[in-house]
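# Fold the following.
(2 chains)
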Amino acid sequence: EAQVTQNPRYLITVTGKKLTVTCSQNMNHEYMSWYRQDPGLGLRQIYYSMNVEVTDKGDVPEGYKVSRKEKRNFPLILESPSPNQTSLYFCASSLSQDTGELFFGEGSRLTVL
Amino acid sequence: GEDVEQSLFLSVREGDSSVINCTYTDSSSTYLYWYKQEPGAGLQLLTYIFSNMDMKQDQRLTVLLNKKDKHLSLRIADTQTGDSAIYFCAESIGDYKLSFGAGTTVTVRA
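Predicted structure coming up:
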């Protein structure tokens, strides 16, 4: 089954404790992206990657890091989480920009205390 | 996203039509999209329209595009309880980038 898998789905952590949210897709997609969803703000792009070893900042990259060592994986790293990073995070992938169809994971709800 | 605006809530009676409106700012957008998010799930592409089209119909869904006013709408005919969800409007901005609206929460009441 074609899918984007994120882990963990839920996480409660404390300020400053490094964490990684993993994302994996099995569709051989070149493009992958991370978004955060906050009430009233919709989805805002954090980072994206157009291919292996190619990453770029989105609209709200501060406090986040990413890596793209393999085509299927695109982890999101919070080196020193802060409460303002409490949010719902989505990973998405796409084969191409022809139609812009993004395939989304189910989301990871992160709470930073 | 600040470039795409849509109303936050819509309540509709089961069996009626729903109309969700959206305005966008980038006149060079090639595609405009409607995504649907059901509770506890990620977004799924519902439909999209190419910028040189005025209308697209797909079963119960009708998308209208007014490029002059930069206005996009989604009409759902015969709205069902399964249509209760958050609907996001999005526009393409350059390569590989979508700008999303804040989402319209549609509640279908019996």
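# Identify each buried residue in stretch B:15-27, please.
B:Ser18, B:Ile20, B:Asn21, B:Cys22, B:Thr23, B:Tyr24 (16 or more other CB atoms under 10 Å in any protein chain shown). Yep, even glycine has a C-beta here, placed from its N, CA and C like the rest.
# mind listing which of these are in strands?
Among the buried residues of stretch B:15-27, the members falling in strands (DSSP state E) are B:Ser18, B:Ile20, B:Asn21, B:Cys22, B:Thr23, B:Tyr24.
# Let me have the buried residues of stretch B:15-27 in JSON lines, extended by pLDDT and distance to chain A.
Below are the buried residues of stretch B:15-27 laid out as JSON lines (pLDDT from 0 to 100; distance: CB to the nearest CB, whole Å):
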{"residue": "B:Ser18", "pLDDT": "96", "distance to chain A": "19"}
{"residue": "B:Ile20", "pLDDT": "97", "distance to chain A": "14"}
{"residue": "B:Asn21", "pLDDT": "97", "distance to chain A": "15"}
{"residue": "B:Cys22", "pLDDT": "96", "distance to chain A": "11"}
{"residue": "B:Thr23", "pLDDT": "95", "distance to chain A": "14"}
{"residue": "B:Tyr24", "pLDDT": "92", "distance to chain A": "13"}
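# before we move on, back to that, now, among the ones in strands among the buried residues of stretch B:15-27, which is nearest to B:Cys89?
The nearest member of these to B:Cys89, counting by CB to CB, is B:Cys22 at 3.4 Å.
# Could you give the number of residues near the residue of chain A found nearest chain B?
Nearest to chain B in chain A, going by CB to the nearest CB, is A:Phe104, at a distance of 3.2 Å. Residues near A:Phe104, counting by other CB atoms under 10 Å in any protein chain shown, number 22.
# got a list of what A:Val14 touches?
Going by CB atoms under 8 Å, 6 or more residues apart in numbering or on different chains, A:Val14 touches A:Pro81, A:Val112, A:Leu113.
# separation between the residue of chain B at minimum distance from chain A and B:Ser29?
Ranked by CB to the nearest CB, the top residue of chain B for proximity to chain A is B:Gly42, at 3.2 Å. Going from B:Gly42 to B:Ser29 by CB to CB, to the nearest Å gives 23 Å.
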